[in-house]
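S.K.: the following block contains a protein sequence and its predicted model.
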Amino acid sequence: MFIIRSRDRETKARTGLLKTPHGDIPTPIFMPVGTGGTVKGILQRDLSEDIDAKIILGNTYHLYLRPGMEILKAAGGLHRFMSWDRPLLTDSGGYQVFSLSGNRKLTEEGALFKSHIDGSRHIFTPENVVDIQRIIGSDIMMVFDECAPWPCEYSYAEKSVALTHRWLDRAIIRFNETEPVWGNEQYLFPIVQGGTFDDLRRISAEKVASCGLAGNAIGGLSVGEPAEEMYRTIEIVNEILPDDKPRYLMGVGTPANLLEAIERGIDMFDCVMPTRNGRNGMLFTGEGTINIRNRKWVDDFNPIDPEGPSSVSLKYSKAYLRHLVMSGENLGAQIASIHNLAFYIKLVAEARNQIEAGNFKKWKETKVKKLSERL
């Protein structure tokens, strides 16, 4: 399933190939977030042709509530429903359930929650979350876990990790006793939790590593903790997670975060930042970050990004994009989102090339400085 192709001599960075029934994924890889069966405002055609996304995400919580499992089952799974023939990963919905705070109750059995759509009551358990993802048909499924808030008391994080591990055991049993609904092999990834407590992260990483599943994830980061805390936690966990399995850092992050995590041995990323920030007029470029709303761009007729991560980056000017964004035109959000996603995907592709060329560390240090600048 996972082949390591090359390693950087000075860091933990590596390149690999993740094989799935819907296609091979070169790593490190960034995965656009398509929460409810769509990457917001972007056609699947543009995802595959202009952005060249090798894999995208769906979310179990949102898809379960709408359109619902009956529709997805009748449609033949999410791939067919959304006309996407490349790989899919589905989050378990754990983060969404636990972000409901006042509208959910945690028990040993699972999480009772109220729908944010109509207030109806539901329960997610380690077992039915596996069943739901079987119907969705994602290539990579995530276990149901608790994402503890940051900051939190040690005692809370300790109990949360223990519960997540008990749920993990139950999810693996359900996964092993069921078969894919649509005939394509599916992989189950467990999730390391533990907040920013080093001993809890080690305990959780050892538990996850012992399961011997196809890949492993690190959750509960980029939730407000300082970046240095996140990087330290990654280093601790990656010393324990098996080297020959892909490592997925969930919900991270800025372009600089990606490069720092790649240096520490992370293979997979997802984040809503490229599309969310794009809709609000923030663009990531090779020279730094642009707030397209600033007046300085009103008569700048140069391309959005001369490095051209996508066709729209070269075709449209900053002045035109600013006009669209300031006018509230949907096209502005669409162009900015396509550009940002293509930038992220091109960035990790460039990282792969630098690792294979043996020049990653020097390139990364120069790149992070540029990416951190505001233009």
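M.R.: Structure received.

S.K.: His62 touches Thr35, doesn't it?
M.R.: Yes. Between His62 and Thr35 there is a contact at 5.1 Å, judged by CB atoms under 8 Å. Heads up, the C-betas are built off the backbone N, CA and C, glycines and all.

S.K.: helix, strand or coil: sort out Gly36 for me.
M.R.: coil (DSSP: H, G, I helix; E, B strand; the rest coil).

S.K.: please identify the helix or strand for the nearest residue to it once chain neighbours are set aside.
M.R.: Excluding its sequence neighbours, the residue lying closest to Gly36 (CB to CB, 6 or more residues apart in numbering) is His62, at 4.5 Å. Assessed by DSSP states H and E, His62 sits inside helix 60-65.

S.K.: next helix or strand past that helix?
M.R.: Using DSSP H and E, the next helix or strand after helix 60-65 towards the C-terminus is helix 69-75.

S.K.: what about dumping the CA coordinates of the next helix or strand after that next one to PDB?
M.R.: Using DSSP H and E, the next helix or strand after helix 69-75 towards the C-terminus is helix 78-82. What follows is helix 78-82, C-alpha atoms only, in PDB (Å, rounded to 0.1, in the frame of the first residue of the first chain):
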ATOM      1  CA  LEU A  78     -19.700   9.100  -2.700                       C
ATOM      2  CA  HIS A  79     -17.400   8.700  -5.600                       C
ATOM      3  CA  ARG A  80     -20.300   8.100  -8.000                       C
ATOM      4  CA  PHE A  81     -22.600  10.600  -6.200                       C
ATOM      5  CA  MET A  82     -20.100  13.500  -6.700                       C
END
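
S.K.: for helix 78-82, give me every contacting residue.
M.R.: Applying CB atoms under 8 Å, 6 or more residues apart in numbering, the contact partners of helix 78-82 are 22, 34, 37-38, 44, 58, 63, 67, 71-72, 75, 84-85, 88, 90, 136-138, 182.

S.K.: same thing with stretch 95-105?
M.R.: The contact list for stretch 95-105 (CB under 8 Å, 6+ apart) reads 59, 61-62, 106, 111-114, 116, 124, 146-147, 149, 219, 250-251.

S.K.: out of the residues you listed, which is most surrounded?
M.R.: Sorting these by how many neighbours each has (other CB atoms under 10 Å) puts Gly219 first, at 27 neighbours.

S.K.: now that residue: how far from Leu249?
M.R.: 9 Å (CB to CB, to the nearest Å).

S.K.: equivalent analysis for Leu213, please.
M.R.: Shown here: Leu213 relative to Leu249, a distance of 17 Å by CB to CB.

S.K.: between those two, who's got more neighbours?
M.R.: Of the pair Leu213 and Leu249, Leu249 is the one with more neighbours under other CB under 10 Å, namely 30 against 20.

S.K.: contacting residues for the most centrally placed residue in the chain?
M.R.: In the chain, the centroid-proximal residue (CA atoms, centre = their mean) is Asp270; its distance is 1.9 Å. Taking CB under 8 Å, 6+ apart, we find Asp270 in contact with 30-33, 57, 89, 250-251.

S.K.: can you do 6 Å?
M.R.: Listed by CB atoms under 6 Å, 6 or more residues apart in numbering, the contact set of Asp270 reads 31, 33, 57.
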